[in-house]
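*Asks:* Whatever this is, show me its structure:
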Amino acid sequence: MLLQKLTPNEYVESIFSINIDELRKRNIKAVITDLDNTLVGWDTPDATPEVMNWFKRLDEAGIQVTVVSNNNKARVLHFCEPLQCHYIPAARKPTNQAFKRAIEIMNVRIEETVVIGDQLFTDVLGGNLLGFHTILVVPVKNSDGFFTRFNRKMERLALHWMSKKGMISWYNNKK
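*Replies:* The predicted structure is shown next:
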């Protein structure tokens, strides 16, 4: 059922709500994360000091990070180069090619990796199709780029149905 493939394993307010010690206890060795509206606003070019610190804390915990984004190479490179992290631009999520490439680059298995993102139809669906543990975050900004706006409308419908069917308890139907 499609709704099950759209259901994240976890839902958190932001990347900063993710317990890094808990990830280590669960033997998580890698994070695949989206960029736009997951780490920073879609129109914010650089990592904030808080995001830089989050990357540092993951590194100190021995957890690798690969940014997997549907955005273009120039945008993703500009953001990721200062962080010295792996990245895959123009990922075409939810297709599985970029997710598979990310675990290949980091030399980890699916069960040692979490996928973090702000969209059901790209990040969560793509991660769930391959069996990753998925974490949905609240978008950093209330606005989106042009191509994401349609996805958000479809996402609200899917969340409404998941909530109605008792698949999720955290979604506020008033959105």
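
*Asks:* Could you use CA atoms for every contact and neighbour count after this?
*Replies:* Fine.

*Asks:* so residue 70, which of the three states?
*Replies:* coil (DSSP: H, G, I helix; E, B strand; the rest coil).

*Asks:* Check whether it really touches residue 87, as I assumed.
*Replies:* No. Using Cα atoms under 8 Å, residue 70 makes no contact with residue 87, being 10.9 Å away.

*Asks:* Looking at the two, which one has more neighbours?
*Replies:* Ranked by neighbour count (other Cα atoms under 10 Å), residue 70 and residue 87 place residue 87 first, with 25 against 20.

*Asks:* Distance of that one relative to residue 24?
*Replies:* From residue 87 across to residue 24, the span is 22 Å (Cα to Cα, to the nearest Å).

*Asks:* do the same with residue 67
*Replies:* Distance of residue 67 to residue 24, computed by Cα to Cα: 19 Å.

*Asks:* higher neighbour count, those two?
*Replies:* Neighbours per residue (other Cα under 10 Å) separate residue 67 from residue 24, with residue 67 holding more: 26 against 16.

*Asks:* now the more buried one, which residues is it bridged with?
*Replies:* residue 33, residue 87 (DSSP bridges).

*Asks:* just checking, what packs against the strand or helix carrying residue 59?
*Replies:* Per DSSP states H and E: residue 59 is located in helix 49-60. With contacts taken as 3 or more Cα pairs under 8 Å, 6 or more residues apart in numbering; DSSP states H and E, helix 49-60 sits against strand 64-68.

*Asks:* and the next element down the chain from the strand it packs on?
*Replies:* helix 73-80.

*Asks:* contact partners of that next one?
*Replies:* 35, 45, 46, 47, 67, 69, 86, 87, 88, 89, 90 (Cα atoms under 8 Å, 6 or more residues apart in numbering).

*Asks:* got the CA coordinates for it in PDB?
*Replies:* The C-alpha trace of helix 73-80 is given here as PDB (Å, rounded to 0.1, in the frame of the first residue of the first chain):
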ATOM      1  CA  LYS A  73      25.200  20.600  -8.500                       C
ATOM      2  CA  ALA A  74      26.100  24.300  -8.000                       C
ATOM      3  CA  ARG A  75      23.600  24.700  -5.100                       C
ATOM      4  CA  VAL A  76      24.600  21.400  -3.400                       C
ATOM      5  CA  LEU A  77      28.400  21.900  -3.900                       C
ATOM      6  CA  HIS A  78      28.300  25.400  -2.500                       C
ATOM      7  CA  PHE A  79      26.500  24.100   0.600                       C
ATOM      8  CA  CYS A  80      28.500  20.900   1.100                       C
END
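
*Asks:* Sounds good, over and out.
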